[in-house]
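**Q** Here is my input, please return the structure:
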Amino acid sequence: MTLPSKDEWRPSRWYWTSFRVRYQESDQMGVVYHANYLNWFEMGRTEMIRELGFSYRGMEEEGVLLPVVDLDIKYRQPARYDDLVTVFTRMTAFSPLRIHYEYEVRLLSGQELDDLDASMMFPESGLPGALLTAGATRHVWLNREWKPARLDKCAPKLYDALKDTLLGRKE
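**A** Model prediction:
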């Protein structure tokens, strides 16, 4: 099956990872330093790929690199030291040459975290918790020589897993 056209894109399901804000991630005011959200976006991407059965290390060993080429981030309210945050990540566009992700960093209560389940993959009423930061990254697939690489040719299993996720065939 071919990928949908750009006009037919539907975001993939949401993937998530949760953790407590570490002291080293906050400034003297106890507020998370703004650049740490970029690290958290990377954590979200990494865990999404891991949940699909792959790893960034494995991708790199196959000669596939995935640099960020564009970033958009909007800060709504601060995360603070020891907050329980969840990074929600999903794919919004995908092709053999590029991939786009969307993120929401949210403050969840312990109960909201316990209630996360498969129903949150495509939430109808929005994601739980208070929105702290929203963002998006765009990436291109490159080979070790930093030349564009077609993922369907260099890592076909990863390509198929990502395509199936975008098309809603992987839960």
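
**Q** CA atoms for contacts and neighbours, from now on please.
**A** Will do.

**Q** Which stretches in this structure count as helices?
**A** Here the chain has its helices, by DSSP state H, at 36-51, 56-61, 110-115, 151-154, 156-166.

**Q** Give me the residues contacting the helix or strand bottoming out on mean pLDDT in the chain.
**A** Lowest mean confidence among the helices and strands of the chain (mean pLDDT, DSSP states H and E): helix 110-115, at a mean of 81. The contact list for helix 110-115 (C-alpha atoms under 8 Å, 6 or more residues apart in numbering) reads Leu84, Pro128, Gly129.

**Q** hey, C-alpha coordinates of that helix in CSV?
**A** The C-alpha coordinates for helix 110-115 follow below in CSV (Å, rounded to 0.1, in the frame of the first residue of the first chain):
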residue,chain,number,x,y,z
GLY,A,110,-0.7,10.3,39.6
GLN,A,111,-4.3,9.2,39.0
GLU,A,112,-4.2,10.7,35.4
LEU,A,113,-1.0,8.8,34.8
ASP,A,114,-2.5,5.6,36.1
ASP,A,115,-5.5,6.1,33.9
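
**Q** Figure out how far that helix is from the centre of its chain.
**A** 20 Å (C-alpha atoms, centre = their mean, to the nearest Å).

**Q** circling back: pipe the helices of the chain into a markdown table and attach distance to Arg13 per row.
**A** As requested, the helices of the chain are exported to a markdown table (distance: least, C-alpha to C-alpha, whole Å):
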| stretch | distance to Arg13 |
| --- | --- |
| helix 36-51 | 10 |
| helix 56-61 | 20 |
| helix 110-115 | 17 |
| helix 151-154 | 21 |
| helix 156-166 | 7 |
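
**Q** Let me have those helices in CSV, extended by mean neighbour count and distance to Tyr101.
**A** Compiled in CSV, the helices of the chain are given as follows (neighbours: other C-alpha atoms under 10 Å; distance: least, C-alpha to C-alpha, whole Å):
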stretch, mean neighbour count, distance to Tyr101
helix 36-51, 18, 8
helix 56-61, 13, 15
helix 110-115, 11, 22
helix 151-154, 16, 16
helix 156-166, 18, 11
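
**Q** what's the closest of the ones you listed to Leu71?
**A** Nearest to Leu71, of all the helices of the chain, is helix 36-51, at 9.1 Å by C-alpha to C-alpha.

**Q** Just name whatever secondary elements the closest one is in contact with.
**A** Secondary-structure packing of helix 36-51 (3 or more C-alpha pairs under 8 Å, 6 or more residues apart in numbering; DSSP states H and E): strand 15-20, strand 84-94, strand 98-107.

**Q** let's go with 10 Å and repeat that
**A** strand 15-20, helix 56-61, strand 68-75, strand 84-94, strand 98-107, strand 130-140, helix 156-166 (3 or more C-alpha pairs under 10 Å, 6 or more residues apart in numbering; DSSP states H and E).
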